[in-house]
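Enquirer: Here is a sequence with its predicted model. Questions after.
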Amino acid sequence: MDGSDVTHVKDVLGHFLSGVVIVSAQTESGPAGFTCQAFGSFSLEPPSVFFAAARSSPSWGRIRGAAVVAISVLSVDQSDLARLFATTGVDKFAAVPWDSGPHGSPLVTGAIAHFEGVVRSARDYGDHDVVVVDLSYAVAHPGQPLAYFRGAFRSLA
């Protein structure tokens, strides 16, 4: 496959249901974060997760040097937050309630799960960085997840 197949591949990949998370960190200029669909469990020993971030993302550029990051798994009623954190050039945390994780990372209020941990590695692959995070904090909350399927946010119900 070559570059002309990008639209086709993107359409086919859209048939994979994914959850939606916000990856965030406390930076020198305040909290930063972005919406991410490429997230998952990586290892149980040590407990770790991974996510992929577009290298062209200004928010990832702010977070990339952080030693500790947080991941907030969005609930079905947080699609507006997913859209906000996918937007470039706005103060995403200005009107968004959040709490600090044990290591100071921003945890989005209302999410159905929160993780926080130390960045073990960030490796470039194609136009993204693949990041592995060793977890030091994980907590679940009641609620249903926000899903993304075929170009739209969905509910599992």
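Expert: Arrived safely.
Enquirer: helices and strands around the lowest-mean-pLDDT helix or strand in the chain, which ones?
Expert: Ranked by mean pLDDT, DSSP states H and E, the weakest helix or strand in the chain is helix 6-13, scoring a mean of 85. Contacting helix 6-13 under the criterion 3 or more CB pairs under 8 Å, 6 or more residues apart in numbering; DSSP states H and E is no other helix or strand. Using the backbone N, CA and C atoms, a C-beta is placed for each residue, glycine as well.
Enquirer: mind exporting it as PDB, just the C-alpha atoms?
Expert: In PDB, the C-alpha atoms belonging to helix 6-13 read as follows (Å, rounded to 0.1, in the frame of the first residue of the first chain):
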ATOM      1  CA  VAL A   6      -4.500   6.600   3.300                       C
ATOM      2  CA  THR A   7      -8.200   7.500   2.900                       C
ATOM      3  CA  HIS A   8      -9.100   3.900   2.300                       C
ATOM      4  CA  VAL A   9      -7.100   2.600   5.300                       C
ATOM      5  CA  LYS A  10      -8.600   5.400   7.500                       C
ATOM      6  CA  ASP A  11     -12.100   4.300   6.500                       C
ATOM      7  CA  VAL A  12     -11.400   0.600   7.200                       C
ATOM      8  CA  LEU A  13      -9.700   1.500  10.600                       C
END
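Enquirer: after it, next one along is what?
Expert: strand 18-19 (DSSP states H and E).
Enquirer: I appreciate the help and will end here.
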